[in-house]
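Trainee: coords below, sequence missing:
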Ligand SMILES: Cc1cc2nc3c(=O)[nH]c(=O)nc-3n(C[C@H](O)[C@H](O)[C@H](O)COP(=O)(O)OP(=O)(O)OC[C@H]3O[C@@H](n4cnc5c(N)ncnc54)[C@H](O)[C@@H]3O)c2cc1C
């Protein structure tokens, strides 16, 4: 029976056939609006269509069709990415993986699980926790982001300080290459498998080398014991030094998170307040886990370090409910900024831990220079900063100022030997800032790798690397960054 579609576009008709019907494709303007951006909402573009394949074969068939008709395409998970990786800047066909959301297999004996790419991160831990296991990478968006998206972005999270980011937990991938070929890559759990580390290359490639359709992940046994500490400081610098001191003391907490005064104002005004004092400069949320025997000793040492750094108040969670409340307060921190500002821009720099006081001070200066408040909520133990620039896009010029402030924060990170992304990826947001950490040859070398996988550059083109022209054009479209980052920074110096 011919499909009933409200379009004469032959490509859309063919794509609808591949995914077996009109309920698996969106192509009307009003439906596509929801796909014009991801979590990086400053820049928007309409896709040609959104298709919802149900299995790998359908993904491969869509990709083959797009490749043979020169139609740009890209993969999309939950669309929570914060650097614009899933934004269809070339009017792409979006291949949404959200209907490929099965937990395919759990192998507790060998501590691994196989999931489809649309499987939501937190569901994995929820599915195996009763049996005493969990999946370690825990981005704060874990209640909705997909494991496919986590692989593409090499997502991190609060507990990645001790357990490593996504790449440390991936054992195998099934991937549809940009020509439609299906391949499987696996380390078979061998720590130093022969040949190139293709798993490592694919993980974090931001959806530019292939579309991940199945993922084998490592799962871990729940730690025997856990304790969580909340420490309040009157000076940001004292909190920052405490972070370095804890690690220097030889303790590797499972998580070591920091929030500053503005961030605390936000989380206390939002859905999960816990009653933090409003007049403190910073708080640390510290969790240690492991075998029961050593935990009390570690907590004692942490309390001593905090005392030495003039902590005002420190408390240990008394039960699981209290611990869960503290974590809900922290993990919904980005969204909580909506309670105190109409708009916010999330940045994602990374620095050596010892440089925390210096860089936080520089971020403060940037805030004064641009006249916008900047909150800081971040994975302090990893040195992974998240300055959140608060602005009001309805006020003329504020979006531009926010973008400039974001760039200046990243420059501050690069200047102390850090980098421009710790976990959110480059996407379209930080392409020009890649020049803070790579020279032209290094950028060319990496684009050469992309060409091996993606020679026609139809898959998620114009992302990550500043190629001549393209990224500057995009930034012009944003109306905010029509001058290059270096030029912008001159205004701050
Ligand atoms: C409130 C909030 C908190 C966050 N906290 C964290 C955090 O703590 N840590 C962190 O790392 N990130 C965090 N993020 C960012 C984001 O959630 C992660 O980058 C996440 O991994 C994106 O997953 P997604 O399913 O939403 O992917 P999407 O946003 O849909 O896509 C992201 C990129 O991955 C590509 N992609 C998606 N699926 C596939 C696939 N199957 N194959 C190939 N490429 C694919 C897309 O093309 C795009 O380039 C946060 C975001 C929000 C909104």
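Mentor: Structure's in. What do you need? Everything numeric in this text was worked out from a predicted model, so none of it was measured.

Trainee: what pLDDT does the residue nearest the centre of the chain get?
Mentor: What sits nearest the mean C-alpha location of the chain, by Cα atoms, centre = their mean, is residue 424, with 3.3 Å. On pLDDT, residue 424 comes in at 96.

Trainee: near the ligand, which residues of the stretch 1-150 of the chain?
Mentor: Residues of the stretch 1-150 of the chain found near the ligand (Cβ under 6 Å from any ligand atom) are 38-39, 74-82, 85-86, 97, 117, 139-141, 145-146, 148-150. All C-beta spots, glycine's among them, are computed from the backbone N, C-alpha and C.

Trainee: Which of these fall in helices?
Mentor: Applying DSSP state H to those, the entries found in helices are 148, 149, 150.

Trainee: need the residues you listed in TSV with neighbour count, distance to residue 26 and pLDDT, can you?
Mentor: Formatted as TSV, these follow (neighbours: other Cβ atoms under 10 Å; distance: Cβ to Cβ, whole Å; pLDDT from 0 to 100):
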residue	neighbour count	distance to residue 26	pLDDT
148	28	19	98
149	32	19	98
150	35	24	98
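
Trainee: which one of the residues you listed sits closest to residue 180?
Mentor: residue 148 (17.7 Å; Cβ to Cβ).

Trainee: wait, that closest one sits on residue 77?
Mentor: Yes - in terms of Cβ atoms under 8 Å, residue 148 counts as a neighbour of residue 77; the distance is 4.9 Å.

Trainee: which residues do those two both contact?
Mentor: Contact criterion Cβ atoms under 8 Å, 6 or more residues apart in numbering; residues shared by residue 148 and residue 77: 97, 117, 118.

Trainee: Need those in JSON lines (columns: pLDDT and neighbour count).
Mentor: As requested, these are exported to JSON lines (pLDDT from 0 to 100; neighbours: other Cβ atoms under 10 Å):
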{"residue": "97", "pLDDT": "98", "neighbour count": "25"}
{"residue": "117", "pLDDT": "98", "neighbour count": "27"}
{"residue": "118", "pLDDT": "98", "neighbour count": "22"}
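
Trainee: which element is residue 243 on?
Mentor: Taking DSSP states H and E as the criterion, residue 243 maps to helix 236-248.

Trainee: With residue 298 instead?
Mentor: Per DSSP H and E: residue 298 is located in helix 292-308.

Trainee: how about that helix: buried residues?
Mentor: By 16 or more other Cβ atoms under 10 Å, the buried positions in helix 292-308 come out as 295, 298, 299, 301, 302, 303, 305, 306.

Trainee: between that helix and helix 236-248, how big is the angle?
Mentor: The directions of helix 292-308 and helix 236-248 differ by 150 degrees, with axes from the mean of the first three to the mean of the last three Cα atoms, to 10 degrees as the criterion.

Trainee: in the helix or strand just after helix 292-308, what counts as buried?
Mentor: Along the chain past helix 292-308, the next helix or strand (assigned with DSSP H and E) turns out to be strand 313-316. Of all the residues in strand 313-316, those buried under the rule 16+ other Cβ under 10 Å are residue 314.

Trainee: can you check stretch 330-340 too?
Mentor: Buried, per 16+ other Cβ under 10 Å, within stretch 330-340: 330, 331, 332, 333, 334, 336, 337, 340.

Trainee: Can you name the residues in contact with it?
Mentor: 140, 142, 158, 257, 259, 262-263, 265-267, 269-272, 285, 344, 346, 375, 377, 386, 388, 390.

Trainee: Now residue 290: closest residue in space, sequence neighbours ignored.
Mentor: residue 223 (5.6 Å; Cβ to Cβ, 6 or more residues apart in numbering).
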